[in-house]
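Chemist: below are the sequence and a predicted model; questions follow.
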Amino acid sequence: MTQFLQQLINGLSIGSVYALMAVGYSLVYSIMNFSNFSHGGVIMFGAYFGYFLLAIYKLPFPIAIMVAATLTALLAVIIERIAYNPLRERKAPYLYFIISAMGASIFLENIIIATIGPTFRTYPQIFAKEPFKFGELAVGRLDALMFLGSAICLMLLIYIIEKTKIGKAIRATAYNVKASTLMGVNTGVIIIIVFALGGFLAGIAGVMFGMKYTVYPQIGSITLKSFIAAVFGGLGSLHGAVIGSVLLGVIETFTAGYFSSQYRDLIAFALLIGILIFRPMGLMGKATEDKA
Amino acid sequence: MKRRLAFLLLCVLMVFTMLLSSCAQKPAAANEGPGVIKVGWMGSLSGDQAVWGQCEFDTVKMLIEEQNAKGGVLGMKLEAVGYDTKGDPQEAVNVAKRLTGEDKVIAILGPNSSGSAIPIAPVLEAAKTSDIATVATNPKVTVLDGKVKPYNFRVCFIDPYQGAVAAGYAAEKLNAKTAAVLYDVGDDYSQGLTQYFEEYFVKKGGKIVAKEGFKSGDVDFRPQLSKIKATNPDVIFMPYFFKEVALSANQARELDIQATLLGGDGWPSEQLISMAKDAVEGSYFVNHLDFDDPEVQDFKARYKAKYNKDVELNGYLVHDAFLMLIDAINKAGVADSQKVRDALETTKITGITGKINIGKDTHNPEGKDAAILKIVDGKYVFQQKYAAE
């Protein structure tokens, strides 16, 4: 029983980081209908921003994470302006967006390799390694913070999308770009806001990821898992992305903990293929749209 | 038309960024001419093990400079040619082809991992050029199916020995009755150590209570560690490299696992201490040498003076590999890769990491002592020399 609860806690903490990353994929997909693979690069930059702010400039943690997230929000918007906006104005096919996104992602990774170097770096220790103990159970301080932080960010995001006027405009654009433009929604601005929101969360996810593990230029490829989570939950659906991520995290941990760690990725990817066969729209996705 | 142009531009951009990454590490400028002996080097200059590879290459460059100042070898100057294997076996084969085919080096020093050292054997045989691996400890690097590979040598002891030393020390000196193993299923080095640790630990009367795997690239080990925690072992053997060691050690302590951690020569690195000082406190690992040994101080000081950095483990080993090579070239009396190979087979020198007597049938340095180090206050403290029978 202890083992079960401990694995559940492990799974939830991994899943909550996946969720922060996955909503970025989902947000962009809901508006622009393509998989924004440069998101992994933005997360990686977030991890590096956090590293420099904390290790070199020695800013206090709450300020550092906010500054890092603001910078990545800016970076995401810049990528949108340079890599996607010109394609959108020319009404290029979705395939071009995906290729452009991959190019941006390779570009970001190599900028870091060329300027900062390919070796990994470690965050200074900010939280004590001593876990919170509940009887036999141990919960790392950082894990608790990551779980709470992710939950707060995700709730804020869902509040913005579902309760505010901007959120309404985003949802309208997601539903039908042309019609919402006719209704007076400035879709150009909406797209920028969406990228900024996704980028902001990417920064927070990057800093948390870097703090928990390490910082290295290939972090982006780890976000592949969160992309799977987003597809699993239904690309374009925020609730889906969150639920998909938490489920993926828990399934992974239980596979590794009770079955064999060597089967972990096998099962994660088999799940993705299974979902795509039986529910192409994902767990909570909308079936109406044409997927690219 | 415009769209096609944009697409083309994009392709060019992608190719360019890829090129940029592969060209990041250029070899030392080549000054061609007669009377130059090229010494090849290969290893990781990017990726997880870049810290080690960089130190190796820097050491080789420094030693060659020093040797040239002393008049070179056989009246000829030496020149270093090195390429990045990116820690990738496939890339290692390409690098070996380039060094032997294009640069026509006298011999190759490195690579620093078994995974890269094993697949290059056919290239070496075709080019009749030998390789002296630095910390590639897997038996298959020099001997395959009981037959010695003619062109592969090494300067370090091998995994069976290292695994046995770790197991013997745990059972005899730490009085461990139960052990758990966490290992990298995709890595020859990690698998080799695990296999011999298990065999020897059981032979010594101990019990392996858990054996869990992970894949390189993984960053979260808590599911496996939670499983290990439930079996409550005396020691946990972690036969892999410092980055994963640091992550898994930190996570083990976060899960409130108090067992003593044990490792191999993949551990020692400044990075390990900076990442996981508290978590690895009190842990033991098997190493090639004692960093405080008087024999190594001179080299340590020279390296520090030149690069203003501390030497990593690999620097010491590549130093001795270089000594082996110079000795062999002198014995051969001519800069011919085949003759150098023959001379390497009878190497009998004293390096800074110990006596190096190359066995003709194994191409390994025979009977090299291992050092047991303990981590105390973030420092590597020498415990004793330990030899497993």
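Modeler: That came through, no problem.

Chemist: rest of the way, CA atoms for contacts and neighbours
Modeler: Will do.

Chemist: what about residue 116, how many neighbours?
Modeler: Looking at chain A here, since you left the chain open. The tally of other residues near A:Ile116 (other CA atoms under 10 Å in any protein chain shown) stands at 13.

Chemist: can you look at chain B instead?
Modeler: So B:Ser116, with other CA under 10 Å, has 26 neighbours.

Chemist: looks to me like it is in a strand.
Modeler: No. Going by DSSP: H, G, I helix; E, B strand; the rest coil, the assignment for B:Ser116 is helix, not a strand.

Chemist: which one is the residue in chain B that chain A sits nearest to nearest to, not counting chain neighbours?
Modeler: Relative to chain A, the nearest point of chain B is B:Pro223 (4.8 Å; CA to the nearest CA). Among residues not flanking B:Pro223 along the chain, A:Gly257 sits closest, at 4.8 Å (CA to CA, 6 or more residues apart in numbering or on different chains).

Chemist: which residues of the chain fall in helices?
Modeler: Using chain A. A:2-32, A:39-51, A:61-79, A:85-89, A:94-115, A:141-163, A:165-175, A:177-182, A:187-212, A:219-233, A:238-254, A:264-278 (DSSP state H).

Chemist: oops, chain B please
Modeler: Using DSSP H, the helices of chain B run over B:2-22, B:50-69, B:89-97, B:114-117, B:121-127, B:159-172, B:188-203, B:222-231, B:242-254, B:270-276, B:294-307, B:313-332, B:337-344.

Chemist: now do the contacts for A:Met208.
Modeler: A:17, A:47, A:146 (CA atoms under 8 Å, 6 or more residues apart in numbering or on different chains).

Chemist: ok, now how distant is it from B:Tyr380?
Modeler: Look at A:Met208 and B:Tyr380: by CA to CA, to the nearest Å, they are 30 Å apart.

Chemist: swap in B:Gly72?
Modeler: In terms of CA to CA, B:Gly72 sits 36 Å off from B:Tyr380.

Chemist: quick one: which of these two has more around it?
Modeler: Comparing B:Gly72 with B:Tyr380 by other CA under 10 Å, the one with more neighbours is B:Tyr380, at 22 against 19.

Chemist: list the beta-bridge partners for the more buried one.
Modeler: Counting by DSSP bridges, B:Tyr380 is bridged to B:Ile375.

Chemist: shouldn't it be in contact with B:Leu373?
Modeler: Yes. Under the criterion of CA atoms under 8 Å, B:Tyr380 makes contact with B:Leu373 at 5.9 Å.

Chemist: on that earlier part again, export the contacts of A:Met208 to CSV and tack on pLDDT, neighbour count and distance to B:Gln271?
Modeler: Shown next, in CSV, are the contacts of A:Met208 (pLDDT from 0 to 100; neighbours: other CA atoms under 10 Å in any protein chain shown; distance: CA to CA, whole Å):
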residue, pLDDT, neighbour count, distance to B:Gln271
A:Val17, 85, 28, 25
A:Ala47, 94, 31, 18
A:Met146, 86, 23, 24
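
Chemist: just give me the closest of those to A:Ile126.
Modeler: Set against A:Ile126, the nearest of these by CA to CA is A:Met146 (13.1 Å).

Chemist: residue contacts, the closest one?
Modeler: A:13, A:16-17, A:208.

Chemist: repeat for B:Ser190
Modeler: Going by CA under 8 Å, 6+ apart, the list of residues near B:Ser190 reads B:183-184, B:239-240.

Chemist: what do you get for B:Lys339?
Modeler: B:Lys339 is in contact with B:Ala332, counting by CA under 8 Å, 6+ apart.

Chemist: next: A:Arg81.
Modeler: Taking CA under 8 Å, 6+ apart as the definition, A:Arg81 has no contacts.

Chemist: for A:Ile14, see how far away it is.
Modeler: 32 Å.

Chemist: cool, and A:Tyr159?
Modeler: Distance, A:Tyr159 to A:Ile14, using CA to CA: 23 Å.

Chemist: more crowded one of these two?
Modeler: Taking other CA under 10 Å, A:Tyr159 and A:Ile14 do not tie; A:Ile14 has more neighbours (24 against 12).

Chemist: which residues does B:Ile132 form a beta bridge with?
Modeler: Beta bridges link B:Ile132 to B:Leu109, B:Phe153 when assigned by DSSP bridges.

Chemist: which residues does it contact?
Modeler: B:107-110, B:152-155, B:321.

Chemist: on the pLDDT front, check residue 123 for me.
Modeler: Since you didn't name a chain, this refers to chain A. If you check A:Tyr123, the pLDDT there is 85.

Chemist: oops, I was thinking of chain B
Modeler: Predicted confidence (pLDDT) for B:Val123: 93.

Chemist: for it, what are its contacts?
Modeler: Here B:Val123 is in contact with B:93, B:96-97 (CA under 8 Å, 6+ apart).

Chemist: same thing with B:His288?
Modeler: B:156-157, B:265, B:353, B:369-371.

Chemist: please redo it, this time with the cut-off set to 6 Å
Modeler: B:Ala370 (CA atoms under 6 Å, 6 or more residues apart in numbering or on different chains).
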